[in-house]
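Student: give me a model of this one.
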Amino acid sequence: MEKLSFTQPSRTMADKALANAKSIWNFQQKDQFCDVEFKIGKFKKSMRAHRNVLACSSDVFFRMFTGSLPETTVSIPNIDPCAFTEVLRYLYIDECKMDFRNVEQILDCAEKYNLKRLKKHCYTFLACNMVPDTIWQIFYLADIYFLHSGLRTKCFDFYESNSKKCLESSFISNLPEGLFRDIIEHTPVSCKEESIYEACLRWVAKKLSSERPRDRDMRKQLIRSEILYKIRFSCITNDYFGHNISKRKILSKDEIASIQRSMYDDGYSDELFISDIRRPKLHKLMRCGVRKDKSWKVGEWKDAIDICFREVLLLHGIVVFGTISGESNYKIDVSLMEPCGDEQRTISVLQGKELETKQRTALYDVLLKQPVEIKRNTKYTIELLMIGACTVSGCDYETEVSDGTFKVTFANSPDSYNGTNIKTGQIPGVIVSNVYDS
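Tutor: Next comes the predicted model:
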């Protein structure tokens, strides 16, 4: 049989194109065959390049360098030479040494000259480098250059999981008023209200530092920026409020009295300040589906179920079934008990919660006023008393439920007098989250 021989394959077109690009980049570095001059930065440093390379990457450059009067000198005062070198490097050889010192200037140049691929490269850099120290710079740039790209949403997702550390970042004090207000208004957070209040003080202090001493009024600035009434003072602990807030000239005497009343009176509604606590991102762990052709009688006896988690977490509430007939009204009592020796002690109570159900909706969230920190591998009992019409029931009940983040085990409770157990009944799910940032 004839022996076949093979020759080494030639370089691919991509390899050749890259080699040619690097050769042209070397020409640029040595100022060879360049035919356009840039005046860069406030000192107008001269940097030269090749018009054909730039025109291939940008329709703006193409129009500048063609026509009856093509431009041969271009001034770009708002970028420093090092950052512009990286812009050119990317246009020539698809490489860019980017960091948080030059990314804004590079982005501004990419936006001005419609360098779409470079702008996409900046987006990738920002999206892949979210840490607490950089998150608000990314948030700021997202608002200017990537308003509809989803980068802003990614920032909020990161903030929700790392709230306390993000609020401690120094860059947050540099944010414009509107962006800072967006953060303070954002509800899903993993920190306590005290951290948000302290971030507001730092932001205002930075703004007042440029004012004349006689104009430095923190309360007026908080009101003028529409931030004061975004802080949920009634969600702050009484000790912290007494030692750190009530003695400062931030709130009026009437505001302090109203806030303190809302801390202790569940039926009181503060007209100025929001009283609902900010909660972390919530997870629902459902132990069954919905069966609308079968009813569950409520009102006379308590339903109860035991729960046990594999990790430390916050329990925010439970899920309950609604009426089988559509619209109805319920009064709900929820109790959470934990073991205490041979007995149980109540650690959270929600009484007289009013629930209005709607047509075509079977499941409803019932949130505790304050989330409760749950210990791992500890049995807790949830008791539920619903007063109202019969509700729908469940199907396909499971004793162990996991959503990939949390795992709960349901067990029969001796305190369930209305029939709820691991195979049937009320309390189809629990609502949990990670603990607050420490």
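
Student: the protein: helices as residue ranges?
Tutor: 13-29, 51-57, 59-65, 81-93, 103-112, 116-127, 135-145, 151-161, 163-167, 177-185, 193-208, 218-224, 238-244, 253-264 (DSSP state H).

Student: on contacts alone, who are the packing partners of the third one?
Tutor: In other words, helix 59-65. helix 51-57 (3 or more Cβ pairs under 8 Å, 6 or more residues apart in numbering; DSSP states H and E). (Glycine included, C-beta is placed from N, CA and C.)

Student: for the helix it packs on, packing partners?
Tutor: Using 3+ Cβ pairs under 8 Å, 6+ apart as the test, helix 51-57 ends up in contact with helix 59-65, helix 81-93.

Student: just the residues contacting that helix, thanks.
Tutor: Contact partners of helix 51-57, identified using Cβ atoms under 8 Å, 6 or more residues apart in numbering, comprise 24, 28, 35-36, 61-62, 65-66, 70, 91-92, 115, 117-118.

Student: contacting residues around the residue nearest to residue 263 when sequence neighbours are not counted?
Tutor: Closest residue in space to residue 263, ignoring its immediate chain neighbours: residue 234 at 5.2 Å, by Cβ to Cβ, 6 or more residues apart in numbering. By Cβ under 8 Å, 6+ apart, the residues touching residue 234 are 259, 262-263, 270, 273, 275.

Student: mean confidence score for the longest strand anywhere in the chain?
Tutor: Longest strand in the chain by number of residues (criterion: DSSP state E): strand 343-357. Strand 343-357 shows a mean pLDDT of 91.

Student: before we move on, the earlier item: can you say which of the helices and strands packed on helix 51-57 is packed in most?
Tutor: Neighbour counts (mean count of other Cβ atoms under 10 Å) averaged over each of the helices and strands packed on helix 51-57 peak at helix 81-93, with a mean of 20.

Student: okay, angle between it and helix 13-29 too, please.
Tutor: In terms of direction (axes from the mean of the first three to the mean of the last three Cα atoms, to 10 degrees), helix 81-93 departs from helix 13-29 by 150 degrees.

Student: who does the longest strand of the chain touch, helix- and strand-wise?
Tutor: Counting by 3+ Cβ pairs under 8 Å, 6+ apart, strand 343-357 packs on strand 328-340, strand 363-374.

Student: now for the longest one, which elements pack on it?
Tutor: Applying 3+ Cβ pairs under 8 Å, 6+ apart, one finds that strand 328-340 contacts strand 313-321, strand 343-357, strand 363-374, strand 379-387.

Student: most packed of those?
Tutor: strand 313-321 (a mean of 23).

Student: run the angle between that strand and strand 379-387 for me.
Tutor: 30 degrees.

Student: what's strand 313-321 packed up against?
Tutor: strand 328-340, strand 363-374, strand 379-387, strand 391-395, strand 429-433.

Student: partner strands of that strand, with direction?
Tutor: Applying DSSP bridges to the sheet, strand 313-321 is found paired with strand 363-374 (antiparallel), strand 429-433 (antiparallel).

Student: average pLDDT for the first one?
Tutor: In other words, strand 363-374. 94.

Student: how's this protein carved up into domains?
Tutor: Domain ranges of the chain: 13-127, 138-264, 283-433, per automatic domain parsing.

Student: just to revisit the earlier point, need the strands paired with strand 313-321 in JSON lines with distance to residue 292, can you?
Tutor: Listed next are the strands paired with strand 313-321 as JSON lines, based on distance: least, Cβ to Cβ, whole Å:
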{"stretch": "strand 363-374", "distance to residue 292": "11"}
{"stretch": "strand 429-433", "distance to residue 292": "17"}
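
Student: nearest to residue 128, out of these?
Tutor: strand 429-433 (26.1 Å; Cβ to Cβ).

Student: gap between residue 253 and residue 235?
Tutor: According to Cβ to Cβ, to the nearest Å, residue 253 and residue 235 sit 20 Å apart.

Student: how about residue 316?
Tutor: Residue 316 is 14 Å from residue 235, by Cβ to Cβ.

Student: same question, residue 426
Tutor: Counting by Cβ to Cβ - residue 426 and residue 235 are separated by 29 Å.

Student: equivalent analysis for residue 421, please.
Tutor: 36 Å.

Student: who's more crowded, these two?
Tutor: Neighbour count, other Cβ atoms under 10 Å: between residue 421 and residue 235, residue 235 has more, with 23 against 16.

Student: give the contact list for the more buried one.
Tutor: 192-193, 275-278.

Student: from these, which two are the most distant?
Tutor: Farthest apart among the contacts of residue 235 - using Cβ to Cβ - are 192 and 275, which lie 14.9 Å from each other.

Student: show me what contacts the nearest residue to residue 159 once chain neighbours are set aside?
Tutor: Nearest non-adjacent residue to residue 159, counting by Cβ to Cβ, 6+ apart: residue 166, 5.0 Å away. By Cβ under 8 Å, 6+ apart, residue 166 lies in contact with 132, 135-136, 158-159, 172.

Student: ok, now with 10 Å
Tutor: By Cβ atoms under 10 Å, 6 or more residues apart in numbering, the residues touching residue 166 are 130-136, 139, 155, 158-160, 172, 183, 189-191, 195, 199, 437.

Student: what of residue 424?
Tutor: Contacts of residue 424 (Cβ under 10 Å, 6+ apart): 288, 291, 294, 296, 393-395, 397.

Student: then residue 357?
Tutor: 320-330, 363-364, 388-389, 391.

Student: repeat that with 7 Å
Tutor: Neighbour list for residue 357: 322-323, 327-328, 364 [criterion: Cβ atoms under 7 Å, 6 or more residues apart in numbering].

Student: where does the prediction get shaky in this structure?
Tutor: Within the chain, the set of residues satisfying pLDDT under 70 comprises 1-11, 438.

Student: 50 instead, please
Tutor: Counting by pLDDT under 50, the chain shows no low-confidence range.

Student: could you measure from the residue nearest to residue 263 over to residue 347?
Tutor: 21 Å.

Student: returning to that earlier point: residue 192 and residue 275: which is more packed in?
Tutor: Applying other Cβ under 10 Å to residue 192 and residue 275 shows that residue 192 carries more neighbours, namely 19 against 16.

Student: hang on, isn't that one packed against residue 436?
Tutor: Yes. Under the criterion of Cβ atoms under 7 Å, residue 192 makes contact with residue 436 at 5.4 Å.

Student: for residue 385, list each beta-bridge partner.
Tutor: Assigned bridge partners for residue 385, using DSSP bridges, are residue 333.

Student: ok, it to residue 56 distance?
Tutor: 73 Å.

Student: perfect, I'm done here.
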